[in-house]
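Student: With the input below, show me the fold.
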Amino acid sequence: MPWSLVSCTAVVCGLLAGGAGAGPATVFRVHEVALEAERPSAAPYVHGPEVAATFTGTSGAAAGRSYRVQGFWDGGRTWRIRFAPTTPGAWSYVTASEDLGLNEKRGTFHAVAATPDELQANPLLRGFLERRGHAWALSDGKPFVPVGDTQWSFAEEFSLDEFRQWMDALAQRGLNTMHGCIWLAIYTRNGQAPFRNRDPRTDELQVEYFRQLDAMVQYANDKGIMMGLCIGGFPDNSQWWRKLDTRERDDRWFRYCVARYSAHSVRWVLYGEVDEANPPWGKWADEVRRKAALVKSVDPYRHPIGSHHRSVDTSSADDPNMDYIEVQAQSGSLWQQALKLRAHGKPIWEEEYWYECKHDMTEGIRDTYRTFVAALGHPTFGSAMRAHEAMKGFAPAAAQQRGLSLKDYLLQHDDGLRWMGHFAAFVKDLDTLRFEPATSLVSAGQCGRFGADYLLFREGGGDVTIDLSHVRGSFDVTAMTVRDGQVRRLGAVTGGAPRALATGTAEDVALRLTRRGD
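Tutor: Purely as a prediction, here's the structure:
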């Protein structure tokens, strides 16, 4: 039966570009094997046949590396297996299946590292997200500071063009992550749904839904934006477990989604607000641990997993399959809570702690700085894109009313996105891998030490004193007002004693002390 290797560097309208002669693969990009089953079942999503491939490095840095990758049904007689080579060199693969059309298919390809220009344009080509203590790095060890946006229902509300314009705006503002559900199972605006009649109990998968989502995920990755994919919906808000009805059906959905998207640059979220209700077959906390183990067993790259909760899921925080702690809370004491959560030894992801369409934006951006500076809490807020179609301020409608493209509307009118862009630029090259809480060193506000440098946040500006008695050398001091992003040099200070810093403003301000090389 026919089969082909597809080298994928772009997705257009859900179709994978390239072909068997497309040339070498690029490390950490999706590469795909497409196969045709000889005797598919009448219900392939449920009854298969299943297929997997073992990819083995045979030369260069890839030599000796091996990954077993699950395939997935993609309509008709087509099955696909997606793989992202993790090192340069020659790779070979062989498939295994009970179906003769899918079994014992072999191939080879060569993977090359991204060029310096490609790495500069897209840092995600450095590798997948990896936990390093309380911080994040990419596979090559370079620190990664995630700054993200949220839209839970993006896959069922926005068209592909709208999504692309949104990603263009995020990238231009310097954001590098986006978070939402593979299927929230509430909204219908873009006319797409993964099951016939939007009912998972039919077990009739509509692959066109996923082909559009493929294009969205790939486009985001192409723009340097990592996708936070929430696999399950909300137990109460979207009646997730009632819709999927059984553990078997829920597990099948998880396996399919992980098989389809694990070769992309992603992190996993298990459910939305998982503590809203228990599944019909047990307790939500038990299901979190089960699903984390299931995802790890299917995902050959073991992408990071978190558990979204109405506040914070401390019941699973120490589970070995859980890689980070998600926090949902609003204002004021968020940074103090984050400090306490560091006891679990994992990164803290501040998830949807403020939405432009619902929350106090001023307090929200303050929490962005407070939690990051004080406890290395990584921010994912909600821009103007967070509003749904029926809500005031729905971004595509607002753009149309002003005669603007969606991208231009977001860049010109989305203040929260602009403020988050200022934040992303100011913290971009900090050494988060050597972060230490340091608020005890300042007379007001919050402070963190990032290797040899310090970052402070001072609500309302004014003067602040930092105790540098324990360090030597000198530091260049810069100040950035949070709202307008204006950066000013404040001169230099030396270590060896407490030092007073005059911000020169009554606005919220971030201060950065950068160690000189002298």
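Student: contacts, neighbours, all on C-alpha from now
Tutor: OK.
Student: May I have the phi/psi pair for the residue nearest to Asp74 when sequence neighbours are not counted?
Tutor: Using CA to CA, 6 or more residues apart in numbering and skipping the chain neighbours, the partner closest in space to Asp74 is Val207 (5.9 Å). Dihedral angles phi and psi of Val207 (degrees, to the nearest 10) take the values phi -70, psi -20.
Student: just Leu170 next, same as before
Tutor: Dihedral angles for Leu170 - degrees, to the nearest 10 - are phi -60, psi -50.
Student: which residues touch it?
Tutor: 176, 417 (CA atoms under 8 Å, 6 or more residues apart in numbering).
Student: quick one on the thing from earlier: spit out the contact partners of the residue nearest to Asp74.
Tutor: Val207 makes contacts with 74-75, 194, as judged by CA under 8 Å, 6+ apart.
Student: same thing with Glu459?
Tutor: So Glu459 contacts 366, 445, 507-509 (CA under 8 Å, 6+ apart).
Student: which one of those residues has the most neighbours?
Tutor: Val509 (26 neighbours; other CA atoms under 10 Å).
Student: So which residues of the stretch 51-200 of the chain form helices?
Tutor: Ranges of helices in the stretch 51-200 of the chain, per DSSP state H, counting those that start in this stretch, are 116-121, 154-157, 160-173.
Student: Would you point out the most distant pair within the contacts of Glu459?
Tutor: Gly445 and Glu507 (12.9 Å; CA to CA).
Student: How is the protein divided into domains?
Tutor: Domain assignment for the chain, taken from automatic domain parsing, gives 3-113, 120-429, 438-515.
Student: re the thing from before, if you compare the helices of the stretch 51-200 of the chain, which one is most tucked away?
Tutor: Across the helices of the stretch 51-200 of the chain, the average number of neighbours (mean count of other CA atoms under 10 Å) peaks for helix 154-157, which reaches a mean of 25.
Student: Could you name the helices and strands sitting against that helix?
Tutor: strand 177-181 (3 or more CA pairs under 8 Å, 6 or more residues apart in numbering; DSSP states H and E).
Student: could I get the contacts of Val207 as a markdown table with neighbour count and pLDDT?
Tutor: Formatted as a markdown table, those follow (neighbours: other CA atoms under 10 Å; pLDDT from 0 to 100):
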| residue | neighbour count | pLDDT |
| --- | --- | --- |
| Asp74 | 20 | 98 |
| Gly75 | 14 | 97 |
| Pro194 | 20 | 98 |
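Student: Return the closest of those residues with respect to Thr58.
Tutor: Asp74 (29.2 Å).
Student: show me the contacts for the residue lying closest to Phe109 once chain neighbours are set aside.
Tutor: Leaving aside its sequence neighbours, Phe109 sits nearest to Trp91 (CA to CA, 6+ apart; 5.5 Å). Shown in contact with Trp91 (CA under 8 Å, 6+ apart): 55-59, 62, 108-111.
Student: Report the secondary structure state of Tyr209.
Tutor: Under DSSP: H, G, I helix; E, B strand; the rest coil, the three-state class of Tyr209 is helix.
Student: just checking, it touches Gly191?
Tutor: No: the criterion here is CA atoms under 8 Å, and Tyr209 misses it with Gly191 at 9.1 Å.
Student: So which of the two has more stuff around it?
Tutor: The neighbour comparison of Tyr209 against Gly191 (other CA under 10 Å) goes to Tyr209, with 20 against 11.
Student: where's the more buried one relative to Arg342, distance?
Tutor: Using CA to CA, to the nearest Å, one gets 39 Å for the distance from Tyr209 to Arg342.
Student: what does Ala155 give?
Tutor: From Ala155 to Arg342 the distance is 33 Å (CA to CA).
Student: same deal with Glu104?
Tutor: 48 Å.
Student: How many neighbouring residues does the residue nearest to Asn278 when sequence neighbours are not counted have?
Tutor: What sits nearest to Asn278 in space, not counting adjacent residues and going by CA to CA, 6+ apart, is Trp284, at 4.8 Å. By other CA under 10 Å, the residues close to Trp284 number 17.
Student: contacting residues around Trp73?
Tutor: With CA under 8 Å, 6+ apart, Trp73 has these contacts: 44-45, 48, 79-80.
Student: Can you tell me which of those is closest to Asp318?
Tutor: Of the contacts of Trp73, the one sitting nearest to Asp318 (CA to CA) turns out to be Tyr45, at 33.9 Å.
Student: and for the helix or strand harbouring the closest one, what are the contacting residues?
Tutor: Using DSSP states H and E, Tyr45 maps to helix 44-47. Residues from elsewhere that reach helix 44-47, judged by CA under 8 Å, 6+ apart: 41, 73, 203-205, 252.
Student: As JSON lines, the residues you listed with distance to Arg126 and pLDDT would be great.
Tutor: Formatted as JSON lines, the contacts of helix 44-47 follow (distance: CA to CA, whole Å; pLDDT from 0 to 100):
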{"residue": "Ser41", "distance to Arg126": "40", "pLDDT": "96"}
{"residue": "Trp73", "distance to Arg126": "30", "pLDDT": "98"}
{"residue": "Asp203", "distance to Arg126": "38", "pLDDT": "97"}
{"residue": "Glu204", "distance to Arg126": "38", "pLDDT": "97"}
{"residue": "Leu205", "distance to Arg126": "34", "pLDDT": "97"}
{"residue": "Arg252", "distance to Arg126": "31", "pLDDT": "98"}
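Student: So what's the residue count around the nearest residue to Phe394 once chain neighbours are set aside?
Tutor: Leaving aside its chain neighbours, Phe394 sits nearest to Ala387 (5.1 Å; criterion: CA to CA, 6+ apart). Ala387 sits with 19 neighbouring residues when counted by other CA under 10 Å.
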